[in-house]
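S.K.: 3D model of this:
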Amino acid sequence: MNHFKQIAAGLEAHHLDAVLLTCEANRFYACGFHSAGSDGIAVVTRHHNYYFTDSRYTEAAGRYVQDAEIREANREHPYSALINEVIQREHITRMGYEDEYMTVANFRRFSEKLSCELVPATQLLWDLRAVKDSEELNCMIQAQRITEKAFDDILKEIRPGVSEKEIAARILYLMLHYGAEDKSFDPIVVSGPNGSLPHGVPSEKLIQDGEFVTMDIGCKFGGYCSDMTRTVAVGHVTDEMRTVYETVLQAQLAGIGAAKGGITGHDLDAAARQVIEDAGYGPYFGHSFGHSVGVEIHESPNATPSNHQPLPVGTVISEEPGIYLPGKLGVRIEDVVILTENGCQDITLSPKNLIIL
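M.R.: I've put the predicted structure just below:
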């Protein structure tokens, strides 16, 4: 799977002759081959595709990168020299670069060494990546199924006396065991008063009877991410815990009910936020309702109060309201949906009713 053709087709509208892809996520999106960090560069022109890497990845790139000329970078032929060869061969005058990813130092080096104008072009990649094709969606659904299997198994291991770290470690193992290539992000496992930390780090804290345990987990399959959050209770719940949980659940269902292609990020966020505000918990829902998911766990566009742009059909976006009472408890419930013309397809199958273990 690669997206060279889609990128090339978008160059003319952005008044570009080519685009330079240096960041890991956009390189993978373009050519379907993963190399870590800065260990590779892709150049897409209106007529040809190029993939440059060093000796550690040359053989692997030859196996997996299709529809591109592959060249090896070395001391005699550094990346800048290989790119300049393409610039001269194809008479490139305006080359896009990833202004949202490239460091100032790298931009300075490329500007000094490349014989063409460098033009900001992150939006071209973001617009393309926002709409997922069937192959991308299949990978994301597979990643979600793996995540759900790990979740089903971990429910059998959550009990008083087990630490947050132990649960997080087991989740990582289970996702890999069931076929994940990697984690989407470091798992979040927080319990009791730690639950009020939306992105809390799993600690040595032992889970106690009468506490919530929130798990935000995800993995990669075929290079694409899953993302899911579930909050469960251990032993018993108080009336307040049940009220908070049900409020978050109703907010999420309201957001899912409003989700469809063409809705703005602001309006999607508002559909869920209103439920929480009406219940009196507005000050305790500080983050946005959702973010796009794909090659990266956080992509554009987002369901946030500041986004007044319509979300396109084919966007995959999280739906994750939460209530966080400082030093006391927290609840977050997260599914991932595909926006369609008339609504959305929820690809998350794990139950959302309050589970008391």
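
S.K.: From what I see, Phe285 and Gly322 are in contact.
M.R.: Yes: counting by CB atoms under 8 Å, Gly322 is a contact partner of Phe285 at 6.1 Å. In this view, the C-beta of every residue, glycine as well, is placed from N, C-alpha and C.

S.K.: These two: who's more crowded?
M.R.: Gly322 (27 against 23; other CB atoms under 10 Å).

S.K.: check which helix or strand covers Ile7.
M.R.: helix 4-11 (DSSP states H and E).

S.K.: Let's see that helix as PDB, backbone CA atoms only.
M.R.: Provided in PDB are the C-alpha atoms of helix 4-11 (Å, rounded to 0.1, in the frame of the first residue of the first chain):
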ATOM      1  CA  PHE A   4       2.400   8.200  -4.300                       C
ATOM      2  CA  LYS A   5      -0.300   8.800  -6.900                       C
ATOM      3  CA  GLN A   6      -2.600  10.800  -4.500                       C
ATOM      4  CA  ILE A   7       0.300  13.000  -3.400                       C
ATOM      5  CA  ALA A   8       1.400  13.700  -7.000                       C
ATOM      6  CA  ALA A   9      -2.100  14.500  -8.000                       C
ATOM      7  CA  GLY A  10      -2.300  17.200  -5.300                       C
ATOM      8  CA  LEU A  11       0.900  19.000  -6.300                       C
END
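
S.K.: Give the partner strands of the helix or strand just after it in its sheet and their orientations.
M.R.: Sequence-wise, the next helix or strand downstream of helix 4-11 (DSSP H and E) is strand 18-21. Using DSSP bridges, strand 18-21 pairs in its sheet with strand 41-45 (antiparallel), strand 94-97 (parallel).

S.K.: quick one, what contacts Gln252?
M.R.: Contact partners of Gln252, counting by CB atoms under 8 Å, 6 or more residues apart in numbering, are 272, 319-321, 333-335, 352.

S.K.: chain center to the helix holding Ile7: distance?
M.R.: Relative to its parent chain, helix 4-11 has a centroid offset of 22 Å by CA atoms, centre = their mean, to the nearest Å.

S.K.: what sits against the closest residue to Val237 other than its chain neighbours?
M.R.: Of all residues not flanking Val237 in the chain, Ile356 sits nearest, at 6.3 Å (CB to CB, 6 or more residues apart in numbering). Residues in contact with Ile356, defined by CB under 8 Å, 6+ apart, are 232-237.

S.K.: Which among the residues you listed count as buried?
M.R.: 232-234, 237 (16 or more other CB atoms under 10 Å).

S.K.: how far away is Met228 from Ala130?
M.R.: Met228 sits 21 Å away from Ala130, going by CB to CB, to the nearest Å.
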